[in-house]
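S.K.: Sequence below, structure please.
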Amino acid sequence: MKPHKAPGPDGFTYHYYKSHSGILGPHLLSMFNNLLEGGKLPADSLLASIALIPKPGKDKHMVGNYRPISLINTDLKMFTKILSKRLDLIMGTLIHPDQVGFIPGRQAYENTRRSADLLWLASSSNTPSLFLSLDAEKAFDRAEWPFLFTLLSHLGFPPPFVRAIQALYSIPTAQIIISGTDPLPFPIRNGTRQGCPLSPALFALFLEPLLQHLRKDPHIAGFRMGDQEYKLSAYADDILLSLTRPLSSLPAVMRRLDEFSRLSGYKVNITKSEAVATHMSQGDLDTIRGAYPIRVSPTSIDYLGIALPSNPGDLYDKNFPPLLSQLKKDLESWSKYAISWVGRVHCIKMNVLPRLLFFFQALPCALPSEDIRLLQSTIDHFIWQGKRHRIARATLYRPKDAGGLGLPCLFSYYYAAQLAQIVAWHSPKGLHRWVDLERTLMHPDHPHLCIWLPKPQRPLLRTTCPAILNSIRLWDKLATKCDLTSLPSPLSPVLRNKDFLPGYNARAEDGWMGTTIRRLYQLFPGGIFIDQKDPIISGSSANTNPLPYFQLRAFANQRLIKEAALTPLTPFERLCQTGSYPRGLISTLYRSLTTILDWKTLRYVAAWEADLGESLEAEDWADIWESMRSVSVCTTHQEQLIKTIFRWYVTPVQMSRISPGTPDSCWRGCGARGTYIHMWWECPTLKTFWSQTHTLAMAVLSKDIPMDPWAFLLSRPLQDLTRQENKLLAKITLAARRVLAESWNGPRAPSFTRLSSKMQDVCLMDELTAISSHTLPAYYNTWAPWIAQMGEGRIQMDILQNDLPL
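M.R.: Below you'll find the model as predicted:
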């Protein structure tokens, strides 16, 4: 459970339960087991607090302009989280793949991609069709409990599970928290509880009977492809119907909705439901408008944040330009605020990137390179506030543990999102509906098989579906360029392969002569061609007739085929081979794409090594980059070390290059050239400052510490210090650099007395962070030497008193 979630009315947090788990654990276990056996909960346990969050830009005097957030007690959340985790294991078998909301392994983009495919199918086949998005009235709040309990029993849930759910919904109450008033509890009589980890799964189960009846009703016509019919898509309560005979299908849909509403309490607001039609006559549209108060749009409807147009060719224009325009406005608006340089990078990663990633996944259409470049340029302008770029873009793109700042590279994220869908192409039949649809559209070939063949060797593509074509085009662009595969690949199909004529006319999904052999790598288990006595062969029709086996062997013994079959799988090929869509797939692919890039040696690395006359091992630079990330949670503090390492600060030498005629001598008047290392370390006027800092560090840590510029300037850990001692040394040197940076272009060296103040800032920030994150023991473990020195008044007062002006 997330440790920082707000508690319910009893005020007990996750940290409280975790800190006292030895005492509370047995009591919680007893209570949870009692609920499974039919026990009841007291009314106080079922009480929830409702906090009202005003909607931005709305009149705060109107009740409807507030968003309620429900907070239930932590012990109940722990219990329902346990039930939810157990329920997740079987939700995929209980809920049809049409429903992708809150089901593990399913995502929203599956429905938008399938809907776009069906819109293209309707348009290309001139099929009169209606895509209807249903608007449910407070769907989660209207679920009737008797219906839900009966449904759980009907589905075969064991009585203890049903009893536990009944206990959770026996006498729930809620109270609205309003400042200055005493909250008055009121009873809740229906709906799944907001803030309960179990609610999404319960609602999916609650809605499934309606979706089943809509699917099975013979009077409701969808798109039939092969042995499958595609009538609806659902993300929780967001239902999109795809109807091919609207005039006869709509009455049946309304009957099913009315029946389910009477039984369950679920209700659809028809007046707010929207539809878009393709190839329907004006007379048919008038008939629908006259019979039902549905808003039929002539151009597009919104579904899951995506505009689905009646003309598939408008998919890009209806979605990406408005998104890009909104992102530009947001970036311009944020530019008005005093956000630090690193903070602006975080804004891109936390706000802009998630919105873009959703569109990259949800829209199966090509995105022009010009648009990505334009948006990346807009992001650069926001990062640098229109000023000169002090750090190369390639350095910013690099991962943090590779010496960069982790600024998202939009091209790589776009490619990763598209490649993730190619991985999903390899899912088993029936797992993802959009995959089944696209395989049928490509029949007799399958996308997850044919892409592994070199382009000239592929069978003729029998579809013009934009989503499929875009994915294949992108694959052809990236496959070898990004080392995703070798061509021919060990995943190349045996059938529908021009190099194996006996199997060219077979169905791609079938194995050769009844075997399960579909790909080249399966021909050489253990590096040796499969034996005729192998169960795969002996249990098939190839065993009774030896000719197919010999044909297969002749094919496998071709030099290029054998080399391909024995080639080790690439990481991407292994992902596809598993047939699953693992969690964090896009991040994995993005990391892979950025790792294979030919990163050049970082300029600042070469510059530091030249300045300090020492070449560091890769492990040493990795330690420096780790310190760069962990020196403090404060963005301002992190930014100081990052700027130092990246050589951000402008020196007299640089100024003389920028403005010819400007002297390149040190600003502190020592007469030497003002190079980067001089201004930070070698200037004679800084000798006393760094000597005092060194003495202070040794006094605090009670150890002899070398006067190492790598440690004092770049926070490289020292081998003779423990991990915690290196952490504290990094914070001392951070404070010293901050003092020095404040007087960077001043005529005098900084005053050492400022260091103690800066250290207090760092210490206070770490303490507040530790309090909020409940990590005070770790904080004291690091800061104990400093606190002890402060408490005893031994922070080198003699040094502070003898801080001579320089």
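S.K.: What average pLDDT does stretch 493-502 get?
M.R.: Computed over stretch 493-502, the mean pLDDT rounds to 88.
S.K.: Give me the buried positions along it.
M.R.: Pro493, Val494, Leu495, Arg496, Asn497, Asp499, Phe500, Pro502 (16 or more other Cβ atoms under 10 Å). Just so you know, the C-beta spots here come from the backbone N, C-alpha and C atoms, and that holds for glycine as well.
S.K.: Next, the distance between the ends of it.
M.R.: 13 Å (Cα to Cα, to the nearest Å).
S.K.: which residues touch the closest residue in space to Tyr581 that isn't next to it in sequence?
M.R.: Leaving out its chain neighbours, the residue that sits closest to Tyr581 by Cβ to Cβ, 6 or more residues apart in numbering is Ala424, at 5.1 Å. With contact taken as Cβ atoms under 8 Å, 6 or more residues apart in numbering, Ala424 is in contact with His432, Val435, Tyr581.
S.K.: now Pro56
M.R.: Pro56 neighbours (Cβ under 8 Å, 6+ apart): none.
S.K.: after the helix or strand harbouring Glu563, next one along is what?
M.R.: Using DSSP states H and E, the element containing Glu563 is helix 559-566. Using DSSP H and E, the next helix or strand after helix 559-566 towards the C-terminus is helix 571-578.
S.K.: Does anything pack onto that following helix? Which helices or strands?
M.R.: helix 410-424, helix 585-595 (3 or more Cβ pairs under 8 Å, 6 or more residues apart in numbering; DSSP states H and E).
S.K.: Buried by neighbour count: which residues of the first one qualify?
M.R.: By 16+ other Cβ under 10 Å, the buried positions in helix 410-424 come out as 410, 412-424.
S.K.: Just the CA coordinates for it, please, in CSV.
M.R.: Extracted C-alpha coordinates of helix 410-424, given in CSV (Å, rounded to 0.1, in the frame of the first residue of the first chain):
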residue,chain,number,x,y,z
LEU,A,410,9.6,12.2,-28.0
PHE,A,411,10.8,10.2,-31.1
SER,A,412,12.0,7.3,-28.9
TYR,A,413,8.8,7.3,-26.8
TYR,A,414,6.7,7.3,-30.0
TYR,A,415,8.6,4.4,-31.3
ALA,A,416,8.4,2.6,-28.0
ALA,A,417,4.6,3.0,-27.8
GLN,A,418,4.2,1.6,-31.4
LEU,A,419,6.6,-1.3,-30.8
ALA,A,420,4.7,-2.2,-27.6
GLN,A,421,1.7,-2.8,-29.8
ILE,A,422,3.8,-5.1,-32.1
VAL,A,423,4.6,-7.0,-29.0
ALA,A,424,0.9,-7.3,-28.2
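S.K.: any idea of the mean pLDDT for that helix?
M.R.: Here the average pLDDT along helix 410-424 is 96.
S.K.: next one: the last one
M.R.: Per-residue pLDDT over helix 585-595 has a mean of 90.
S.K.: Stretch 617-636 too?
M.R.: The average pLDDT within stretch 617-636 is 92.
S.K.: Then stretch 161-180?
M.R.: Mean pLDDT, computed over stretch 161-180, is 93.
S.K.: neighbouring contacts of that stretch?
M.R.: Outside stretch 161-180, the residues within contact range by Cβ under 8 Å, 6+ apart are 9, 35-41, 43, 46-52, 68, 70, 76, 79-80, 83, 145, 148-149, 152-153, 183-188, 193, 196, 198, 202.
S.K.: Pull up the distance across that stretch, start to finish.
M.R.: 41 Å.
S.K.: what's the answer for stretch 189-205, then?
M.R.: 19 Å.
S.K.: quick one: buried residues of that stretch?
M.R.: Of all the residues in stretch 189-205, those buried under the rule 16+ other Cβ under 10 Å are 190-205.
S.K.: cool, stretch 629-637 as well?
M.R.: Those would be Val631, Ser632, Cys634, Thr635, His637, for stretch 629-637 by 16+ other Cβ under 10 Å.
S.K.: cool, stretch 462-473 as well?
M.R.: Residues of stretch 462-473 classed as buried under the neighbour-count rule (16+ other Cβ under 10 Å) are Thr463, Cys465, Pro466, Ala467, Ile468, Asn470, Ser471, Ile472.
S.K.: Who are the contact partners of the fourth one?
M.R.: Yep, that's Ala467 we're talking about. By Cβ under 8 Å, 6+ apart, Ala467 lies in contact with Arg113, Ala116, Asp117, Trp120, Pro364, Cys365, Glu438.
S.K.: Grab the nearest non-local neighbour of it.
M.R.: Pro364 (3.3 Å).
S.K.: At the geometric centre of this protein, which residue do we find?
M.R.: Gly584 (6.4 Å; Cα atoms, centre = their mean).
S.K.: how much space between it and Ile561?
M.R.: 35 Å (Cβ to Cβ, to the nearest Å).
S.K.: same check, this time on Lys77
M.R.: Lys77 is 57 Å from Ile561, by Cβ to Cβ.
S.K.: same check, this time on Ala164
M.R.: On the measure of Cβ to Cβ, Ala164 and Ile561 end up 58 Å apart.
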